[in-house]
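Student: curious how this folds, go ahead:
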Amino acid sequence: MACMNQPVAEDKAQLTGMTKPPILSLACLEQPDAFSHQRGGPSFESRPMQRRLTAILSADVAGYSALMEAAEAETLERLKINRGQVFDPCSAAHGGRLVKLMGDGALVEFTSVIAAVNCALAIQEATASVEPELAEAKRILYRIGINLGDVIVDGDDIYGEGVNVAARLQSMAPVGGIALSATVRDHVVGKVPCAFEDLGEHTAKNMERPVHVFILRPAERVAVEEPRTEPRHRVSICVLPFANMSGDPEQEYFSDGITEDVITDLSKVSALWVAARNTAFTFKGKHVDVPQVARQLKVSHVLEGSVRKAGGRVRITAQLVDGATGGHIWAERYDRDLNDIFALQDEISQAIVAALKLQLLPEEKKAIEQRGTTNPEAYKLYLMARQYSITGNFGSARRSEVIIRLCRRAIEIDPNYARPWALMAGAQIKLRFFFGREGDDGLTAAERAIELDPNLGEAHAAKARVLAQNAHLDDARREMEIALRLDPESYDVNVAAGQLYYQMRQFDEAILHFEKAATTVETDFSAAGMLVSCHAAIGDKEGARRAARRALERCEKIVAVEPDNGSAMGFAVGALAALGEAERAKGWAERALLLDPDNVNLRYNFACSLITDLHDYDAALDMLGSRFETMGIEVLNWVKSDPDLDPVRDDPRFKAMLAAAEARLAQS
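Tutor: Below you'll find the predicted structure:
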């Protein structure tokens with residue numbers, strides 16, 4: 001089922017689809033090799049697609065025209081030899097598919113970004129070692145660009161902006177070098193022995209958005225070259241989380257909400273670079289040295305402050321600090337009626353812009369003043385719901401119920417407030433899919449949010465999730481692209497994107513989004529747990545173990561507060577399995593089934609483990625029987641595509657259960 005993980009075997013595991021935490025039977029747990037079983041499973045035959053996300057490597061020979069002009073026949077022969085002995089073998093060895101040759105150029109696609117980068121490194125290293133007797137200007141040397149992007153598929157060929165960006169990057173690469181897009185760099189940082197030289201953003205003809213370019217610098221070269229220091233952003237700021245001075249931890253939602261709104265407001269100022277919310281909140285609750293933070297984040301300024309809310313009044317203090325000297329540039333204390341909270345936020349943001357001596361454009365001022373609501377009570381209720389969505393117990397139905405209740409109250413007060421509509425949509429999706437609840441599937445609320453605010457990324461992400469659960473994957477992908485363009489740092493958007501791309505088997509892309517989500521919300525165990533499966537899917541065993549340790553730590557904290565949280569216990573079992581701790585996994589599995597026997601996800605995932613790990617098909621079908629009797633169309637669509645069930649698809653009992661579920665849902 002979606003958002004579940006399964007163990008990483010000691011041997012290389014191949015995951016053929018969405019994975020789950022194994023809620024293992026005692027018989028399985030008692031087997032010495034229960035956690036070293038290699039998961040293979042039948043392959044899942046994907047249906048033809050007109051578009052797909054892929055890693056694209058574009059290469060051409062530097063100075064090819066001059067080489068041809070000097071010695072045409074000889075150059076062609078040398079290029080042919082290089083392709084036969086270096087380029088083509090390296091591409092094949094790293095799983096690349098040669099899309100086409102274009103004179104001296106070549107286009108290769110990969111299912112893994114890491115594989116594409118490793119292939120490029122191998123090609124450049126091998127090519128640099130041949131023809132040593134020739135001057136560099138006369139040698140066959142490549143420029144290579146790599147991008148991760150959406151492409152249009154036409155037979156064996158691919159087209160689209162993703163390919164165009166790769167070609168643009170290739171043209172910017174140094175001779176014998178490799179240029180990457182920012183997305184590729186985010187995927188491979190820490191996973192290849194290289195450094196990255198930031199060339200900033202570059203515009204190109206016929207491209208809607210500028211391309212952020214990084215030059216890949218292999219470790220051997222970095223060791224002998226002068227160290228480079230990355231430049232600070234010219235005028236930039238990190239807004240540290242405002243301290244809650246109310247004397248009541250329950251008011252934390254309000255101080256965090258004020259901080260997030262200030263970050264959002266300042267992000268609308270084109271002349272100012274603002275550190276993302278997830279980066280800023282890593283400093284929450286910590287004593288920080290402001291100049292050190294500025295150096296670490298390479299920002300010129302830091303904003304810190306506090307919030308005190310009591311009765312109908314609010315006091316906000318704010319200080320703008322020079323990142324280089326630690327000196328105060330501007331400071332102010334505001335003591336206002338709570339009904340003036342929106343005007344107060346506008347005043348703070350505009351004062352910061354003025355203190356930084358930046359020009360606030362009329363459209364930026366207007367954007368800052370658009371709050372979504374003018375009702376402070378609706379705003380407060382939304383902040384409460386938002387805080388509960390971040391800090392509540394993940395995997396708990398009660399969490400979603402509370403969020404829906406708070407959002408409904410906010411909407412009753414202000415029906416045109418888009419943000420609670422979007423947040424409620426996400427909670428409705430979880431209740432329906434993960435807990436089998438009847439009622440709204442989230443689509444109506446998501447579409448209402450989009451109608452009220454088309455620029456609300458989390459609303460588009462919620463709609464994408466509903467579309468994906470109803471098997472409309474192409475529509476879901478398009479909606480998710482809108483969400484990511486609007487709000488690339490949002491927790492909700494990144495979780496939804498991770499789930500979608502995982503469902504579409506784009507594991508590298510899923511890792512990027514799950515990692516962002518897990519970093520943004522330190523209590524989240526589901527995104528952290530999904531990273532175990534993502535890393536296993538690309539053969540990154542150490543990454544899987546690293547993710548498992550983080551997921552387990554978070555699950556333990558959740559279960560300490562909510563001992564019967566079956567979803568957290570399920571992820572803990574999966575994490576323990578990935579770490580090879582069989583005895584502890586056995587204890588958690590027994591506990592999960594004892595304390596949360598009605599958790600439908602636990603039982604579905606247990607059945608999948610019986611199929612894929614233990615090959616006990618009869619026991620698995622026994623456990624699936626009750627699930628088929630109650631599942632909705634969203635889960636049924638998942639069952640139809642879940643490769644873990646492939647071994648029993650021809651079983652008469654499975655066919656009968658599937659047909660009965662389809663008939664039941666058709667009547668309803």
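Student: below-threshold pLDDT in the stretch 201-350 of the chain: ranges please.
Tutor: 202-209, 219-234, 250, 278 (pLDDT under 70).
Student: all helices of it, in order?
Tutor: 219-224, 252-267, 277-280, 290-297, 341-355 (DSSP state H, counting those that start in this stretch).
Student: do the same with the stretch 401-550 of the chain
Tutor: 418-435, 443-452, 457-469, 473-486, 491-503, 507-520, 526-537, 541-561.
Student: distance of residue 162 from residue 186?
Tutor: 16 Å (CB to CB, to the nearest Å). The C-beta positions use only the backbone N, C-alpha and C, and glycine is treated the same way.
Student: next, format the helices of the stretch 401-550 of the chain as TSV and append mean pLDDT.
Tutor: Shown next, in TSV, are the helices of the stretch 401-550 of the chain (pLDDT from 0 to 100):
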stretch	mean pLDDT
helix 418-435	86
helix 443-452	93
helix 457-469	90
helix 473-486	88
helix 491-503	88
helix 507-520	84
helix 526-537	82
helix 541-561	86
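Student: Throw those into TSV and include mean neighbour count, thanks.
Tutor: Below are the helices of the stretch 401-550 of the chain laid out as TSV (neighbours: other CB atoms under 10 Å):
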stretch	mean neighbour count
helix 418-435	25
helix 443-452	20
helix 457-469	27
helix 473-486	19
helix 491-503	25
helix 507-520	24
helix 526-537	29
helix 541-561	20
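Student: in a markdown table, list those helices along with distance to residue 379.
Tutor: Shown next, in a markdown table, are these (distance: least, CB to CB, whole Å):
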| stretch | distance to residue 379 |
| --- | --- |
| helix 418-435 | 9 |
| helix 443-452 | 15 |
| helix 457-469 | 16 |
| helix 473-486 | 21 |
| helix 491-503 | 18 |
| helix 507-520 | 22 |
| helix 526-537 | 27 |
| helix 541-561 | 28 |
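Student: for residue 128, which of these is the nearest?
Tutor: helix 507-520 (27.0 Å; CB to CB).
Student: packing partners of the closest one?
Tutor: helix 182-188, helix 277-280, helix 491-503, helix 526-537 (3 or more CB pairs under 8 Å, 6 or more residues apart in numbering; DSSP states H and E).
Student: 6 Å instead, please
Tutor: If you count contacts as 3 or more CB pairs under 6 Å, 6 or more residues apart in numbering; DSSP states H and E, helix 507-520 packs onto helix 182-188, helix 491-503, helix 526-537.
Student: low pLDDT regions in the stretch 51-200 of the chain?
Tutor: Those would be 135-137, if you go by pLDDT under 70 across the stretch 51-200 of the chain.
Student: all strands of it, in order?
Tutor: All strands of the stretch 51-200 of the chain, identified by DSSP state E, counting those that start in this stretch, fall at 51-61, 97-102, 105-110, 142-154, 157-159, 178-181, 194-202.
Student: quick one on the thing from earlier: can you say which of the helices of the stretch 201-350 of the chain is packed in most?
Tutor: helix 252-267 (a mean of 22; mean count of other CB atoms under 10 Å).
Student: mind giving me the packing neighbours of it?
Tutor: strand 301-310, helix 376-391.
Student: what about those, which gets the closest to residue 365?
Tutor: Using CB to CB, the helices and strands packed on helix 252-267 put strand 301-310 closest to residue 365, at 18.8 Å.
Student: would you mind pulling up the elements that the closest one packs against?
Tutor: Using 3+ CB pairs under 6 Å, 6+ apart: strand 301-310 touches strand 236-239, helix 252-267, helix 290-297, strand 313-322.
Student: mind exporting the C-alpha coordinates of it to CSV?
Tutor: Extracted C-alpha coordinates of strand 301-310, given in CSV (Å, rounded to 0.1, in the frame of the first residue of the first chain):
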residue,chain,number,x,y,z
HIS,A,301,21.2,39.0,7.1
VAL,A,302,19.3,37.1,9.8
LEU,A,303,16.0,37.9,11.3
GLU,A,304,15.1,36.7,14.8
GLY,A,305,12.2,37.5,17.1
SER,A,306,9.6,36.4,19.6
VAL,A,307,5.8,36.2,19.9
ARG,A,308,3.7,36.6,23.0
LYS,A,309,0.0,36.0,22.7
ALA,A,310,-2.3,36.6,25.6
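Student: right, I'll leave it there.
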